[in-house]
Every structure is written in C-alpha cells, then in structure tokens.
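S.K.: Need the 3D shape of this:
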Amino acid sequence: MTLDTSSRFADPDRAFRLLIEARRGLSPEEAAKLDARLVLLLANQIGDEVILEQAIAAARQSLRGD
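M.R.: The predicted structure is shown next:
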C-alpha cells in the first residue's frame with residue numbers, strides 16, 4: 001500500500017477550516033499539544049506503519065520546499 005496524497009474530502013476547504021478553527025483561541029503551546037494529539041489519533045486510525053512512514057517523509061519533504 002502507498003500513501004494517497006489526493007484529496008479525499010468532499011469539501012477540502014471545509015476540512016481545512018475545521019483544522020484552523022480547532023486552534024482558534026489556543027496558546028502556541030496548547031495548539032502544539034492539540035496538533036500532536038490529533039496526529040496520534042489519525043495515525044492510530046490509519047493503523048499502517050508503512051503509510052505512516054510515507055506520510056512523515058512527505059510532510060518533511062514539504063518543509064524543504066521539494
């Protein structure tokens with residue numbers, strides 16, 4: 001199995017807004033904790049270490065602008 005990076009949301013803009021709204025009013029530390037917890041919950045939902053590794057690599061690569 002390989003990482004699917006295409007949008008799977010019917011309304012990607014709404015999904016993005018949900019993520020932004022979840023952080024509204026939080027301190028930077030609280031936002032970081034929320035993000036970490038959300039990542040762990042979603043990683044558990046995926047339940048596939050190979051896909052998780054691919055997602056981590058893709059996220060890190062995007063930080064470098066590749």
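S.K.: which stretch of helix or strand covers the spatially most central residue of the chain?
M.R.: The C-alpha lying nearest the average C-alpha coordinate of the chain belongs to Val39 (C-alpha atoms, centre = their mean; 5.9 Å). Counting by DSSP states H and E, the element that carries Val39 is helix 28-46.
S.K.: Quick one: list the elements packing against that helix.
M.R.: Helix 28-46 is packed against helix 12-23, helix 49-63, with contacts defined by 3 or more C-beta pairs under 8 Å, 6 or more residues apart in numbering; DSSP states H and E. C-beta: built from backbone N, CA, C; applies to glycine.
S.K.: closest one to Ala31 among those?
M.R.: For the helices and strands packed on helix 28-46, the distance to Ala31 is smallest for helix 12-23, at 4.6 Å, taking C-beta to C-beta.
S.K.: how far is the closest one from where the chain is centred?
M.R.: Distance, stretch centre to chain centre, for helix 12-23: 11 Å (C-alpha atoms, centre = their mean, to the nearest Å).
S.K.: circling back: of all the helices and strands packed on helix 28-46, which one comes closest to Leu3?
M.R.: Of all these, the one in closest proximity to Leu3, counting by C-beta to C-beta, is helix 49-63 (3.8 Å).
S.K.: Name the residues that touch the closest one?
M.R.: 1-3, 5, 43, 46 (C-beta atoms under 8 Å, 6 or more residues apart in numbering).
S.K.: from these, which is closest to Asp35?
M.R.: When those are compared for distance to Asp35 (C-beta to C-beta), Ala43 wins out at 12.3 Å.
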